[in-house]
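J.: fold the following for me, if possible:
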Amino acid sequence: MTSTPGATLSPRDPAPRTGRGSGLGEPEPSPTEQFQASARRLLAMLLDRAFGVALEQVERLAQTFDDIAAHGGLQLNAVLGGVRATLEGRNPIWGAITGAVSALSPAAKVALATALILALLLLPVTVVLLLLALIIGVVAAAVRAGSTGG
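T.: Numbers count the residues shown, from 1 in each chain. Next up, the predicted model:
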């Protein structure tokens, strides 16, 4: 096998380039064929890179959804509870409340239950205090009206 001075070997081209033809009796491809082959390789490379980038973005989005599902939090569970209740034909507000409560820790659930029980027990006292404030406000307004008008 003889080599022509200045000829280079590439990993894709096992035979040295020697002007016209490859030395095996095959004519060298025309410039149009070379352009078409180069365009095909370029398109294949661009598609490969584009699909690689798209696949990376899909994997990143899937990881984000996994994180949301694992650590969703109170707001997400409330939204999902409301949507689920709506799809089942129930009240979406009640579904949101139950969804939010299901996301709470056991200690937070106990604190919420305690606050609700205290609110129910203190409701009569609150109503009495509001009525007392209203009565005092009416009496004060009557006294002012009597003192300025008389």
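J.: quick one: low-confidence parts of the protein?
T.: Counting by pLDDT under 70, the chain shows low-confidence ranges at 1-25, 69-70, 149-150.
J.: how does it look with 80?
T.: 1-26, 65-73, 149-150 (pLDDT under 80).
J.: can you give me the helices for it?
T.: 31-70, 73-87, 92-103, 106-149 (DSSP state H).
J.: pipe these into JSON lines and attach mean neighbour count per row.
T.: All C-beta spots, glycine's among them, are computed from the backbone N, C-alpha and C. As requested, the helices of the chain are exported to JSON lines (neighbours: other CB atoms under 10 Å):
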{"stretch": "helix 31-70", "mean neighbour count": "10"}
{"stretch": "helix 73-87", "mean neighbour count": "16"}
{"stretch": "helix 92-103", "mean neighbour count": "17"}
{"stretch": "helix 106-149", "mean neighbour count": "10"}
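J.: ok, the residue nearest to A85 when sequence neighbours are not counted - contacts?
T.: Spatial nearest neighbour of A85, chain neighbours left out: G95 (2.3 Å); criterion: CB to CB, 6 or more residues apart in numbering. By CB atoms under 8 Å, 6 or more residues apart in numbering, the contact set of G95 is G81, G82, V83, R84, A85, T86, E88.
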